[in-house]
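In: Got a predicted structure here, sequence first:
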Amino acid sequence: MNEKEIIKIVYVDDKIDLIISEYLDKLEESKYVFKYFETKFDSNRSNYKDLLNDDIVSKADVVIIDSKLFENGSVTQKFSGEEFKAMYNTIYPYSNVIVISKNDELEKYGTIKKYSKTKHNDSNDYYDTALKPLILENAEKIIQSRQILKALKKNISNYENDLIVDKIQNMMTGASSYRELTDEKIDELIRLIESELIKK
């Protein structure tokens with residue numbers, strides 16, 4: 001019998017939603033072992049750069065983040081969760097971000113609505129329908145990437161003069177750091193993301 005694959009889920013919010021937290025902590029699926037972590041974002045002390053470099057966040061397989069995280073408190077650089085998703089996926093392409101929000105009309109960005117007592121009957125039923133399928137879809141992509149990496153390692157002799165396998169492994173494990181980007185590359189990345197969001 002094959003061992004279950006471990007999928008690390010990290011929930012990020014400035015005010016931890018206990019309903020989401022409890023749902024993710026109890027999440028089960030026959031194919032995977034979900035390891036759940038959460039981190040409270042202090043908008044008065046931290047910014048998106050701190051979050052990109054956060055050890056737990058950088059090593060996550062799936063990050064679930066609030067859409068308005070960077071618009072609260074005294075954050076000097078106002079970024080939405082959707083913009084953070086684009087930045088995170090550029091730096092950690094083998095991980096995935098799911099953005100959640102209380103607000104409507106963000107579905108075009110792939111954002112899902114938080115559970116609302118006035119609109120939904122049961123929170124577990126709601127997240128089973130709205131959130132769990134996305135987590136499982138992302139988990140499947142992650143497992144496929146891991147299998148490809150294993151295949152690359154088996155053929156390591158073909159890549160002896162190339163660092164590509166190490167690069168991929170570092171990106172999959174979160175070993176590549178946001179600090180590796182120069183200020184010029186960071187500015188270029190921000191401009192690219194802003195222009196792509198304007199197009200949508």
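Out: Yes, it's here.

In: so what's the spatially closest residue to residue 131 that is not a sequence neighbour up against?
Out: Leaving aside its sequence neighbours, residue 131 sits nearest to residue 112 (Cβ to Cβ, 6 or more residues apart in numbering; 6.2 Å). Glycine gets a C-beta too; all of them are placed from N, C-alpha and C. Residues near residue 112 by Cβ atoms under 8 Å, 6 or more residues apart in numbering: 98-101, 130-131, 134.

In: From residue 128, how far off is residue 136?
Out: Distance, residue 136 to residue 128, using Cβ to Cβ, to the nearest Å: 11 Å.

In: swap that for residue 6, please
Out: From residue 6 over to residue 128 (counting by Cβ to Cβ), the distance is 21 Å.

In: what's next to the strand or helix carrying residue 128, contact-wise?
Out: In the assignment (DSSP states H and E), residue 128 maps to helix 123-130. With contacts defined as Cβ under 8 Å, 6+ apart, helix 123-130 is touched by 19-20, 23, 112-113, 115, 120.

In: Show me which positions of that helix end up buried.
Out: 123, 126-127 (16 or more other Cβ atoms under 10 Å).

In: re the thing from before, present the contacts of residue 112 as TSV; the columns should include distance to residue 48.
Out: Below are those laid out as TSV (distance: Cβ to Cβ, whole Å):
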residue	distance to residue 48
98	17
99	13
100	17
101	17
130	25
131	23
134	22
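
In: Between which two of the residues you listed is the distance greatest?
Out: 101 and 134 (13.8 Å; Cβ to Cβ).

In: Looking at these two, which is more packed in?
Out: residue 101 (20 against 15; other Cβ atoms under 10 Å).

In: So what would you say the end-to-end distance of stretch 118-136 is?
Out: 27 Å (Cα to Cα, to the nearest Å).

In: my bad, should have said stretch 97-116
Out: 21 Å.

In: and that stretch, which residues are buried?
Out: Across stretch 97-116, burial judged by 16+ other Cβ under 10 Å covers 97-101, 106, 109, 111-115.

In: Among these, which one lies nearest to residue 154?
Out: residue 97 (30.2 Å).

In: That closest one belongs to a strand?
Out: Yes: counting by DSSP: H, G, I helix; E, B strand; the rest coil, residue 97 is part of a strand.

In: surely it meets residue 87?
Out: No: with contact defined as Cβ atoms under 8 Å, residue 97 does not reach residue 87; the gap is 9.3 Å.

In: For residue 37, give its distance to residue 149.
Out: When residue 37 is compared with residue 149 (using Cβ to Cβ), they lie 23 Å apart.

In: what's the angle from the helix ranked longest in the chain to helix 123-130?
Out: Using DSSP state H, we find that the single longest helix of the chain is helix 132-154. Here the directions of helix 132-154 and helix 123-130 differ by 50 degrees (axes from the mean of the first three to the mean of the last three Cα atoms, to 10 degrees).
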